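Engineer: got a sequence here, can you build the structure:
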Amino acid sequence: QVQLVESGGGLVQPGGSLRLSCAASGLAFSMYTMNWVRQAPGKGLEWVADITRAGGSTYYADSVKGRFTISKDSAKNTLYLQMNDLKPDDAAVYYCTKGGLARGDAMDYWGKGTLVTVSS
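Structural biologist: Numbers count the residues shown, from 1 in each chain. I've put the predicted structure just below:
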């Protein structure tokens, strides 16, 4: 059974940093593209970043490029999102999702999310 469990959310001031983690189990973690997706209050889902399975190439939404870094530790089956220079617009529930073998494949498993609040 695939499980994705996010952690690391919380309250941070504008300009601050947080690192989110996603512990994965029940899957061959290194075989799949992994994603971070967020949903701000009252808004739709927004893809944030992904990392491909083999070479670990990374891709980012324009809104976070240069501030967020996605990474993974395949030995620990853990996905990370380092978030720097946080802005109020970054406040959202952040979800870790499992993609497919190729980028763009459907996200078929989601964690329950971790809440990030950016406020002074």
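
Engineer: need the contact list for residue 68.
Structural biologist: With C-beta atoms under 8 Å, 6 or more residues apart in numbering as the criterion, the residues that contact residue 68 are 48, 49, 60, 81, 82, 83, 84. C-beta: built from backbone N, CA, C; applies to glycine.

Engineer: quick one: the strands in the protein?
Structural biologist: Taking DSSP state E as the test, the strands found in the chain are 3-7, 10-12, 18-25, 34-39, 45-51, 58-60, 68-73, 78-83, 92-98, 109-110, 114-118.

Engineer: helices or strands next to the third one in the packing?
Structural biologist: Put plainly, it is strand 18-25. strand 3-7, strand 34-39, strand 78-83, strand 92-98, strand 114-118 (3 or more C-beta pairs under 8 Å, 6 or more residues apart in numbering; DSSP states H and E).

Engineer: do the same with the second one
Structural biologist: In terms of contact count using 3+ C-beta pairs under 8 Å, 6+ apart, strand 10-12 is assigned the packing partners strand 114-118.

Engineer: next, the angle from the strand it packs on to strand 18-25.
Structural biologist: Here strand 114-118 points in a direction 170 degrees away from that of strand 18-25 (axes from the mean of the first three to the mean of the last three C-alpha atoms, to 10 degrees).

Engineer: tell me the strands beside strand 114-118, with direction?
Structural biologist: Using DSSP bridges, strand 114-118 pairs in its sheet with strand 10-12 (parallel), strand 92-98 (antiparallel).
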